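**Q** Sharing a model that was predicted from the sequence below.
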Amino acid sequence: MSEFGLFCPNCGNVVERGRGRTTQGESEEWERGRENMLCDQCYFDQFELVEVKEKGNIQICSVCEAICRKNKWIDKKEGLEEKVILELVEDGLKIHDDVKEMNWGFILENIDTKMMNIKCEFEGNVKGRKIVENRMIEVQIVREICDVCRKKSGGYYAGEIQIRASTRKPTGVEKNRSIEIANDVVNRRTLLGDRNDFISKIVEKKEGIDIRISTSKLGQKISKSIVEELGGSVSTSETLVTEDRDGNRVYRISYLVRLPAIIIGDVIDIRDGNGPILIRSSGSVLKGIRLASGESYKGSVEDGKFNKLKHISKVGKTSIVSIDDTYSMQILDPESYRPITIARPMFVDSDWKEVKVVKTEEGMYVLPNE
């Protein structure tokens, strides 16, 4: 030891008392680290700002491109890959104890389907000096199949929504709209981050369609949305499928959506003495037009409390003989071809030449030209 302090064991220069740094850093006391005390030059010559893991891997689904983050699969979106890379670097990052401030960034190089290189630049403040170091991390891209895609490929489903109709079969329009509503619900759930909700399969049957879904919660939401728009009711039933490893019973839930007996275009008689109604909007609330007067109708009808006369697609046309006044008109009877006088509803224009008609026990009624 000199009168000034110690000699640097690396280069032999004098290290003034209180100015030296040990090979482990400056935190050790002078007397305890005398044999390892370095001068500033030698200390910084061997100084390492950070330690990083030189290799790592990222799991990406080979089907949907979802990325595994913290043991959880997440749908790929803008910024997700950068977050995963940041976590990968930070998990293997060790910063020297003497660093007071640290900033770092990265760029991706040589990216292909199997490998990417992460070039990192670290900048830290050590005893008033700015130290900059670069590190290269080799990242292997591991292609796997995520849990959701594995379920989809295996045809997994936790329940099904059965689309049926009272006293009839669902129309093509109703079936297509039910599928659209189901897909809309799934898309909204996906945007909220719930990737476990999906439609496994759609099965066409004589009596309707079955929509197989991945979760019971999804089945509830789709069934409710269909009934809100198309009307009808929902009932549920459970079927025992298997038992899990813990002995718990696993059930598959069926949601029976029973669409109403009345559809758009039906001509019905609700037995209130005011004549038949042409239905223009179906659902929990019916909207239509009174054929006798042309007035609007709005209300609800229970199954069995009405007579379904015909659908507008199955009625024939006949010629208008004359329109006598505001309240009456003459048409040809489509069966006997004789002129008959009937009430003129307000929707009949004076320049009409022919009209659709529906014949009931109470008489003949004109339909709007739509």
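**A** Perfect, thanks for sending it. Numbers count the residues shown, from 1 in each chain.
**Q** now the helices for the stretch 151-300 of the chain?
**A** For the stretch 151-300 of the chain, applying DSSP state H, counting those that start in this stretch gives helices covering 172-191, 216-230.
**Q** Tell me which of the ones you listed is the most buried.
**A** A comparison of these by mean neighbour count, using mean count of other CB atoms under 10 Å, puts helix 216-230 on top with a mean of 20. The C-beta positions use only the backbone N, C-alpha and C, and glycine is treated the same way.
**Q** got the angle between that helix and helix 172-191?
**A** Relative orientation of helix 216-230 and helix 172-191, computed by axes from the mean of the first three to the mean of the last three CA atoms, to 10 degrees: 140 degrees.
**Q** Run the chain-centre distance for helix 216-230.
**A** 14 Å (CA atoms, centre = their mean, to the nearest Å).
**Q** if we can go back for a sec, ok, which of the helices of the stretch 151-300 of the chain comes nearest Glu48?
**A** Smallest distance to Glu48 across these (CB to CB): 45.2 Å, for helix 172-191.
**Q** any residues touching that closest one, and which ones?
**A** For helix 172-191, the external contacting residues (CB atoms under 8 Å, 6 or more residues apart in numbering) are 75, 161, 163, 165, 170, 197-199, 202, 208-209, 211, 213, 218, 221-222, 225-226, 229-230, 257, 259, 263.
**Q** could you dump that helix to PDB, C-alpha only?
**A** In PDB, the C-alpha atoms belonging to helix 172-191 read as follows (Å, rounded to 0.1, in the frame of the first residue of the first chain):
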ATOM      1  CA  GLY A 172     -84.500 -19.900 -45.000                       C
ATOM      2  CA  VAL A 173     -84.400 -16.300 -44.100                       C
ATOM      3  CA  GLU A 174     -84.800 -17.100 -40.400                       C
ATOM      4  CA  LYS A 175     -82.100 -19.800 -40.500                       C
ATOM      5  CA  ASN A 176     -79.700 -17.500 -42.300                       C
ATOM      6  CA  ARG A 177     -80.400 -14.600 -39.900                       C
ATOM      7  CA  SER A 178     -79.900 -16.800 -36.900                       C
ATOM      8  CA  ILE A 179     -76.500 -17.800 -38.200                       C
ATOM      9  CA  GLU A 180     -75.600 -14.100 -38.800                       C
ATOM     10  CA  ILE A 181     -76.700 -13.200 -35.300                       C
ATOM     11  CA  ALA A 182     -74.600 -16.000 -33.800                       C
ATOM     12  CA  ASN A 183     -71.500 -14.900 -35.800                       C
ATOM     13  CA  ASP A 184     -72.100 -11.300 -34.700                       C
ATOM     14  CA  VAL A 185     -72.100 -12.300 -31.000                       C
ATOM     15  CA  VAL A 186     -68.900 -14.400 -31.500                       C
ATOM     16  CA  ASN A 187     -67.200 -11.400 -33.200                       C
ATOM     17  CA  ARG A 188     -68.100  -9.100 -30.400                       C
ATOM     18  CA  ARG A 189     -66.800 -11.600 -27.800                       C
ATOM     19  CA  THR A 190     -63.600 -11.900 -29.700                       C
ATOM     20  CA  LEU A 191     -63.100  -8.100 -29.800                       C
END
